[in-house]
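Asker: Let me see the structure of the following:
(one chain, ligands or ions: 1)
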Amino acid sequence: MGTSVEVDDLSVSFGRTSVLHGISLSVAAGEFVALLGPSGCGKTTLLRAIAGFVPPSAGRIRAGGQDITRAPPEKRGAAMVFQSYALWPHMTVAKTIGYGLKLRGWNSGRIDAKVEEMLRLLRLEGLGARLPAQLSGGQRQRVALGRALAVDPAILLLDEPMSNLDARVREGVRHELRALQQSLGITAIHVTHDREEAMIMADRIVILQEGRIAQAGTPEDLWARPASAYVADFLGATNRLPVRIQGSQAEASPGEAPLDLAADRSPPPGPATVHFRPEEARILAAGEPLDGLVFRGTVALSAYPGGRWRASIRVGRDDVLVDVPDRLPEGAAVRLGIPSPAAHVFAAP
Ligand SMILES: Nc1ncnc2c1ncn2[C@@H]1O[C@H](COP(=O)(O)OP(=O)(O)OP(=O)(O)O)[C@@H](O)[C@H]1O
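Answerer: You can find the predicted model right below:
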């Protein structure tokens, strides 16, 4: 079974460089939390601090209510799976999976039984005598996972363990790993820079920005209500267009009705930016009303990535992408509509 993890006002520095700045985060027992963010934001450092490989300069870490801030890695009840898998080239699958048990002084009968159980659990039956070079990428990844899980850790720490797998294998492994984590009831903290992977696997996502938490919440929450332009952009709302805020209304193109913003969603009066996803915008018929923001533009380009067409629309000096059911003729004048729930408005940077 998993245990809770609490990170309280944690800071980490390397020499004079401060990398994490007062991170606070609670992970419930059995919860799957993804740490998401671009390269260099501090995800791995946070994971390694929880694992005990990086000493914090301030703050506390607790596991199951116990203070483990200064505990050595092997006393934390946590096991880590690395991006590189870190498998030993000359050690068989069975020996690799049993390694941690041998260190713990288990006898060979008990080790063999546990290794068999792990091979079954990870669908590696019959591969116990193979070396890493004789395995596929997905199998190697499962061996690394088996080595971590064999010691029955309460906390599983995953450092981009799927980034070396090709896209199709990765999709299957995501679901397998999630199902395994749920059936074992283990607490998991997973580092990734892949948004879809975080959305699919996690109960909760923590988005990091330069060593601080930009936002934390369920995938649905973050998707529907990104708290900042940074989060919106990271969660696929990469289109941006300028709007003006008057009172608590956002104004798009002249002649189009303004959008009433909820008080808690409204930036201060003046220039602002609306962020939105290509798949959530629409092309409106002439005169068609919309509860949202409407921009006038022209079709710059149409492309067919499969399924729907993707049109590039020029609005003033900006180009944005919109998914549409049919090809739009280049040069056509269009009204681009962003429905209210899809319009994420933030003060201009
Ligand atoms: N041992 C170290 N010594 C000095 N600086 C370090 C060390 N480890 C990490 N850093 C720095 O800390 C910052 C955060 O690194 P970290 O590996 O945590 O980021 P990340 O979000 O996991 O990125 P990536 O996705 O590229 O792995 C980076 O600027 C990095 O250069």
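Asker: Please work out how many residues are found near residue 127.
Answerer: 17 (other Cβ atoms under 10 Å). Every residue, glycine included, has its C-beta placed from N, CA and C.
Asker: didn't it look like it was pressed against residue 138?
Answerer: No: counting by Cβ atoms under 8 Å, residue 127 does not reach residue 138; the two are 11.7 Å apart.
Asker: How about the contacts made by the single nearest residue of the stretch 101-250 of the chain relative to the ligand?
Answerer: Of all residues in the stretch 101-250 of the chain, residue 193 sits closest to the ligand, at 5.1 Å by Cβ to the nearest ligand atom. Residues near residue 193 by Cβ atoms under 8 Å, 6 or more residues apart in numbering: 36, 37, 38, 39, 43, 160.
Asker: quick one: which of those sit in helices?
Answerer: residue 43 (DSSP state H).
Asker: and the contacts of residue 193 near the ligand, which?
Answerer: Restricting these to those near the ligand by Cβ under 6 Å from any ligand atom leaves 37, 39, 43.
Asker: just the buried members of these?
Answerer: 37, 43 (16 or more other Cβ atoms under 10 Å).
Asker: Sort out which one of the ones next to the ligand among the contacts of residue 193 lies nearest residue 207 for me.
Answerer: residue 37 (5.8 Å; Cβ to Cβ).
Asker: Would you mind measuring from that closest one to residue 99?
Answerer: Computed as Cβ to Cβ, to the nearest Å, the residue 37 to residue 99 distance reads 32 Å.
Asker: For my notes, confirm residue 200 occurs in a helix.
Answerer: Yes: counting by DSSP: H, G, I helix; E, B strand; the rest coil, residue 200 is part of a helix.
Asker: Tell me the gap between stretch 286-296 and the middle of its chain.
Answerer: Averaged C-alpha coordinates place stretch 286-296 at 33 Å from its chain's average position (Cα atoms, centre = their mean, to the nearest Å).
Asker: For that stretch, C-alpha coordinates in CSV please.
Answerer: Extracted in CSV, the C-alpha atoms of stretch 286-296 (Å, rounded to 0.1, in the frame of the first residue of the first chain):
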residue,chain,number,x,y,z
ALA,A,286,-22.4,35.7,-41.4
GLY,A,287,-24.3,37.3,-38.5
GLU,A,288,-24.3,34.1,-36.4
PRO,A,289,-24.3,35.2,-32.7
LEU,A,290,-21.9,33.5,-30.2
ASP,A,291,-21.5,33.6,-26.4
GLY,A,292,-17.8,34.2,-26.7
LEU,A,293,-15.3,36.3,-28.5
VAL,A,294,-15.5,37.0,-32.3
PHE,A,295,-12.6,38.1,-34.5
ARG,A,296,-12.7,39.0,-38.1
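Asker: in it, what's buried?
Answerer: Those would be 290, 292, 293, 294, 295, 296, for stretch 286-296 by 16+ other Cβ under 10 Å.
Asker: which two from these end up farthest apart in space?
Answerer: 292 and 296 (14.0 Å).
Asker: elements contacting whichever strand or helix holds residue 26?
Answerer: Per DSSP states H and E: residue 26 is located in strand 17-27. Identification of packing neighbours for strand 17-27 by 3 or more Cβ pairs under 8 Å, 6 or more residues apart in numbering; DSSP states H and E yields strand 5-14, helix 43-51, strand 58-63, strand 212-217.
Asker: closest to residue 188 out of these?
Answerer: Using Cβ to Cβ, those put strand 5-14 closest to residue 188, at 10.0 Å.
Asker: right, is the closest one up against the ligand?
Answerer: Yes: contact between strand 5-14 and the ligand, assessed by Cβ under 6 Å from any ligand atom, occurs at residue 14.
Asker: Average pLDDT for that strand, rounded please.
Answerer: Across strand 5-14, pLDDT averages out at 98.
Asker: Distance check, the residue of the stretch 101-250 of the chain closest to the ligand against residue 212.
Answerer: Taking Cβ to Cβ, one finds residue 193 at 17 Å from residue 212.
Asker: same thing with residue 86?
Answerer: Taken as Cβ to Cβ, the span from residue 86 to residue 212 is 29 Å.
Asker: and what of residue 218?
Answerer: In terms of Cβ to Cβ, residue 218 sits 20 Å off from residue 212.
Asker: just residue 178 next, same as before
Answerer: Taken as Cβ to Cβ, the span from residue 178 to residue 212 is 27 Å.
Asker: Neighbour count: the two, which is higher?
Answerer: residue 178 (17 against 13).
Asker: Only the buried residues of the helix or strand of the chain with the lowest mean pLDDT, if you could.
Answerer: Lowest on mean pLDDT, DSSP states H and E among the helices and strands of the chain sits helix 167-184, with a mean of 86. Of all the residues in helix 167-184, those buried under the rule 16+ other Cβ under 10 Å are 169, 170, 173, 174, 176, 177, 178, 180, 181, 184.
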